[in-house]
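K.L.:
what would the 3D arrangement of this be:
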Amino acid sequence: MKKLLTLTMIVALFFVAACGSNNNGGSTGGNTQTNTPETTNTANNSNNSSNNAADEAIEELVPEEGATLLIWESKEERPFVEAIAKEFTEKYGVEIKFEEVGAGDQVNKLMTDGPAGLGADVVLFPHDNLGKAVTAGLVLPNDFYEEETKTANSEIAVNAVTYDGVLYGYPRSVETYALFYNKDIITEVPKTFDEVVEFASTYNDVANNKFAIMWEVGNFYFNYPFVSTGGYVYGNNGQDKDDIGLNTPGAVEGLAYYGSLKEKLLPMNSGDISYDIKKGFFTSGTLAMDINGPWTIGDYRNEGINFGVAKLPDINGQPASSFSGIKAWYVNYFTKYPIAARLFAHFASTKEAQLKNFEITGALPANIEAANDPSVISDEIVKGFLDQFEQSTPMPAIPEMGNVWDPIASAFSEVWNNGADAKTALDNAVQQIKDANNGAQ
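P.N.:
This is a model prediction of the structure:
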């Protein structure tokens with residue numbers, strides 16, 4: 001298949017050269033074609049008999065002359081990207097530039113910046129945004145490295161970055177969030193949120209920034225556990241947009257319990273609790289517990305904090321299910337350098353790259369061999385995340401997931417900040433989601 005693909009690309013390249021074609025030609029909406037012949041270059045192919053598909057793939061692709069790449073990355077994960085980009089530049093001579101954009105914001109930003117030629121060449125976002133990106137024609141398929149990607153990474157990760165039967169992503173990490181706790185403060189990890197409340201009654205000292213626990217209470221990504229105990233986002237494993245489970249009796253009960261925690265745990269508005277605020281309190285030793293993701297491990301280790309990671313405390317007598325997801329690289333459909341961009345997305349998602357990411361940021365590898373590396377499986381911090389991952393819920397990847405975030409965040413905000421009725425807030429949110437799903441203006 002590799003030989004056939006290479007021959008096809010060579011023939012196509014001669015055709016493109018003869019016609020004076022542009023790399024970015026073609027339709028820009030709902031793009032699902034691979035565009036491999038038009039966007040992939042080949043080097044000397046005298047060693048086509050190689051049995052090592054990975055080495056052969058790297059040898060066959062060479063970046064466009066004068067190529068430079070812009071990468072979008074979040075603040076907390078940028079150290080890894082800078083490190084891997086340095087290696088990439090040394091190997092291929094391609095200059096890498098960065099712009100800080102949160103993973104959850106990249107698809108929306110790409111929708112305007114991509115067609116305008118201002119978007120990053122390689123983007124990174126969680127798998128739940130893939131449907132929206134594909135239907136808008138924003139990303140190119142992972143075609144040239146498809147077989148290698150499927151073989152190297154976990155089936156769950158591969159399926160998550162595949163949409164409508166086409167592989168688009170280059171998996172980088174699997175993730176969920178869990179409970180960080182300061183071992184110098186917490187001698188016995190709370191098993192339930194009621195136990196957290198009990199601990200807070202003797203520990204909290206707002207005037208001195210002493211808090212039992214914090215999480216981003218205004219972010220539904222971290223609030224999902226409160227509706228997971230009897231609720232869900234979309235039915236049929238996240239595929240049925242017409243089955244919304246965010247206002248079931250169990251979800252209402254969970255949101256009401258969430259609202260009761262403001263006075264007992266965090267007497268401040270949701271907008272005042274950010275990643276940086278929590279990080280500052282935890283590293284200064286005044287925050288006992290922090291609900292956060294593996295991207296935080298590197299920061300806390302660098303600060304010398306004696307911490308552990310455990311499953312989230314139960315809520316209303318039930319296990320608290322966290323959202324889980326797959327972060328992957330994607331190549332911008334509108335990039336001027338699709339070959340260099342493919343190369344970087346692949347280079348930054350190999351076993352070696354994922355182990356480096358784990359070393360620098362603590363990101364859990366999607367690569368099968370990396371996930372089973374002794375440096376990973378022997379880490380007690382990783383075990384805490386893996387325990388939580390076992391009771392996690394993958395975020396729905398259908399485009400309609402994009403209609404969930406704002407209405408449900410508003411519902412949580414109303415309950416937390418204004419003491420609104422949980423059922424009323426969730427009923428309103430679900431109606432807004434239904435209207436958006438059905439195209440209502």
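K.L.:
CA atoms for contacts and neighbours, from now on please.
P.N.:
Noted.
K.L.:
pretty sure residue 214 sits against residue 279.
P.N.:
No - using CA atoms under 8 Å, residue 214 is not in contact with residue 279; the gap is 9.8 Å.
K.L.:
neighbour-wise, which of those two wins?
P.N.:
Using other CA atoms under 10 Å as the criterion, residue 214 and residue 279 rank with residue 214 on top: 24 against 18.
K.L.:
who's in contact with residue 317?
P.N.:
residue 192 (CA atoms under 8 Å, 6 or more residues apart in numbering).
K.L.:
please apply the same query to residue 257.
P.N.:
Applying CA under 8 Å, 6+ apart, the residues contacting residue 257 are 226, 316.
K.L.:
host element of it?
P.N.:
For residue 257, the host element (DSSP states H and E) is helix 249-264.
K.L.:
please identify the buried residues of that helix?
P.N.:
Residues of helix 249-264 classed as buried by neighbour count (16 or more other CA atoms under 10 Å): 250, 251, 252, 253, 254, 255, 256, 257, 258, 259, 262.
K.L.:
just stretch 300-316 next, same as before
P.N.:
300, 305, 307, 308, 309, 310, 311, 312, 313, 314, 315, 316.
K.L.:
ok, now stretch 388-403?
P.N.:
388-389, 391-403.
K.L.:
next one: stretch 228-242
P.N.:
When neighbours are counted by 16+ other CA under 10 Å, the buried residues of stretch 228-242 are found to be 228, 229, 230, 231, 232, 233, 234, 238, 239, 241.
K.L.:
who's in contact with the helix or strand harbouring residue 157?
P.N.:
According to DSSP H and E, residue 157 maps onto helix 155-160. Helix 155-160 has contacts (CA under 8 Å, 6+ apart) with 127, 149, 150, 167, 169, 171, 174, 326, 366, 397.
K.L.:
do stretch 363-372 as well
P.N.:
152-154, 157, 171-175, 294-295, 326, 350-352, 354-355, 357-358, 376-377, 382.
K.L.:
would you show me how to pick out the buried ones of those in PyMOL?
P.N.:
The following PyMOL line selects those of those that are buried, judged by 16+ other CA under 10 Å:
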select buried, resi 152+153+154+157+171+172+173+174+175+294+295+326+350+351+354+355+357+358+376+382
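K.L.:
among the contacts of stretch 363-372, which are in strands?
P.N.:
Using DSSP state E, 171, 172, 173, 174, 175, 326 are the members of the contacts of stretch 363-372 that sit in strands.
K.L.:
just send those back as a markdown table, with pLDDT and distance to residue 202 too.
P.N.:
Below are those laid out as a markdown table (pLDDT from 0 to 100; distance: CA to CA, whole Å):
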| residue | pLDDT | distance to residue 202 |
| --- | --- | --- |
| 171 | 96 | 44 |
| 172 | 95 | 42 |
| 173 | 93 | 38 |
| 174 | 90 | 36 |
| 175 | 86 | 33 |
| 326 | 91 | 39 |
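K.L.:
how about those residues, which pair is most distant?
P.N.:
171 and 175 (11.4 Å; CA to CA).
K.L.:
now for these two: what residues contact both?
P.N.:
Shared contacts of residue 171 and residue 175 (CA under 8 Å, 6+ apart): 326, 327.
K.L.:
re the thing from before, buried residues in the helix holding residue 157?
P.N.:
By neighbour count on 16+ other CA under 10 Å, the buried set for helix 155-160 is 157, 158, 159, 160.
K.L.:
which residues does the helix or strand containing residue 416 contact?
P.N.:
Here residue 416 sits within helix 405-418, counting by DSSP H and E. Contacts with helix 405-418, where a contact means CA under 8 Å, 6+ apart, come from 218-220, 255-256, 258-259, 262, 269-270, 420-422, 425-426, 428-430, 432-433.
K.L.:
what's the answer for stretch 103-115, then?
P.N.:
72-74, 119-120, 123-126, 129, 132-133, 136, 138, 332-335.
K.L.:
any low-confidence regions in the chain?
P.N.:
Where the chain drops to pLDDT under 70, the residues are 1-59, 440-441.
K.L.:
what is the residue positioned nearest the centre of it paired to in the beta sheet?
P.N.:
The centroid of the chain falls nearest to residue 126 when counting by CA atoms, centre = their mean (3.1 Å). Legend: beta-bridge partners of residue 126 under DSSP bridges are residue 327.
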